[in-house]
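Asks: all I have is the shape, not the residue letters:
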């Protein structure tokens, strides 16, 4: 357990220092996200069960012309098949291009994520690390608001859980 906590803290420190020198130049934001999520995990009803429902969460991050870094917390609860999870992720996205005008911007991106999750089902309660990637695009609506659409896929090292995937829509407010 101590090794897992040390690895998680190391990933958090590494991710936060990647853009630390540019943090004063970056635009900081807070946001909300909602998505259609699917988890593949074991449940009491059967092994290798796929559950799907709505995932929602909040995010805190910073971005510049080339990169975006976010801390994300998501919650998923599928009462139909008795599965739920909470996950915290550190995401690092790289912009493939930057099409900006005075009233509109469009930025496709690819990225990596790493984090930690808690999965619960009937008689199952486990924790595990997550790692994976995402791809999507950001549309800037105003100077202070943008939204993004992404597909996120994360593997986990937990015994009963294989992976989590989701299509997410996020709204960000820049301050």
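Replies: Right, received. Where do you want to start? Keep in mind that this is a model prediction, so the values were computed, not measured. Numbering: from 1, shown residues only.
Asks: now the helices for this protein?
Replies: Remark: helices assigned in the chain by DSSP state H are 2-18.
Asks: for it, give me the ranges with low pLDDT.
Replies: Applying pLDDT under 70 to the chain flags residues 1-24, 43-49, 101-103.
Asks: one more time with 80
Replies: 1-25, 42-51, 79-81, 99-104 (pLDDT under 80).
Asks: just the strands in it please.
Replies: Shown for the chain, the strands assigned by DSSP state E span residues 27-41, 49-63, 67-78, 83-95, 99-100, 105-121, 124-140, 145-156, 161-174.
Asks: is it possible to export those strands to a markdown table including mean neighbour count?
Replies: (C-beta placed from N, C-alpha, C; glycine too.) Listed next are the strands of the chain as a markdown table, based on neighbours: other CB atoms under 10 Å:
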| stretch | mean neighbour count |
| --- | --- |
| strand 27-41 | 19 |
| strand 49-63 | 18 |
| strand 67-78 | 20 |
| strand 83-95 | 21 |
| strand 99-100 | 10 |
| strand 105-121 | 19 |
| strand 124-140 | 17 |
| strand 145-156 | 19 |
| strand 161-174 | 19 |
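Asks: so residue 39 makes contact with residue 161?
Replies: Yes: proximity of residue 39 to residue 161 meets the contact threshold set by CB atoms under 8 Å, at 6.9 Å.
Asks: need the overlap of contacts for the two.
Replies: Taking CB atoms under 8 Å, 6 or more residues apart in numbering as the contact rule, residue 39 and residue 161 both touch 85, 119.
Asks: I am finished for the moment; much appreciated.
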